[in-house]
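Trainee: What follows is a protein structure lacking sequence information:
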């Protein structure tokens with residue numbers, strides 16, 4: 001997922017540097033590891049309450065161009 005991470009980082013930089021964009025809240029980049037087998041990183045984030053205050057989350061997994069809204073867990 002190196003390309004997905006790079007795209008997310010560039011998007012965050014563009015958002016934070018664009019004076020025409022007003023952000024309502026805190027913009028964060030969070031990366032996890034071990035997602036290929038059992039979502040270990042996501043479970044650790046949840047266990048540590050690292051994203052309890054998040055209102056939205058973008059996960060950079062390939063979708064073949066099909067944008068979806070989903071809930072897991």
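Mentor: Now that the structure is in, tell me what you want to look at. Treat the numbers as computed from the prediction; the structure is a model and nothing was measured.
Trainee: What sits closest to the residue nearest the centre of the chain if chain neighbours are left out?
Mentor: Most central in the chain under CA atoms, centre = their mean is residue 58, positioned 3.8 Å from the mean C-alpha point. Distances taken as CB to CB, 6 or more residues apart in numbering place residue 8 nearest to residue 58, at 6.7 Å, with adjacent residues excluded. C-beta: built from backbone N, CA, C; applies to glycine.
Trainee: What strand or helix carries residue 66?
Mentor: According to DSSP states H and E, residue 66 maps onto no helix or strand at all.
Trainee: how close does the residue nearest to the centre of the chain get to residue 69?
Mentor: Going from residue 58 to residue 69 by CB to CB, to the nearest Å gives 11 Å.
Trainee: for residue 11, same thing?
Mentor: 18 Å.
Trainee: Over to residue 17?
Mentor: Taking CB to CB, one finds residue 17 at 28 Å from residue 69.
Trainee: now swap in residue 26 and tell me
Mentor: Per CB to CB, residue 26 is found 22 Å from residue 69.
Trainee: same deal with residue 39?
Mentor: Applying CB to CB, the value for residue 39 to residue 69 is 19 Å.
Trainee: what about these two, which has more around it?
Mentor: Per other CB atoms under 10 Å, whichever of residue 39 and residue 69 has more neighbours is residue 39, with 15 against 4.
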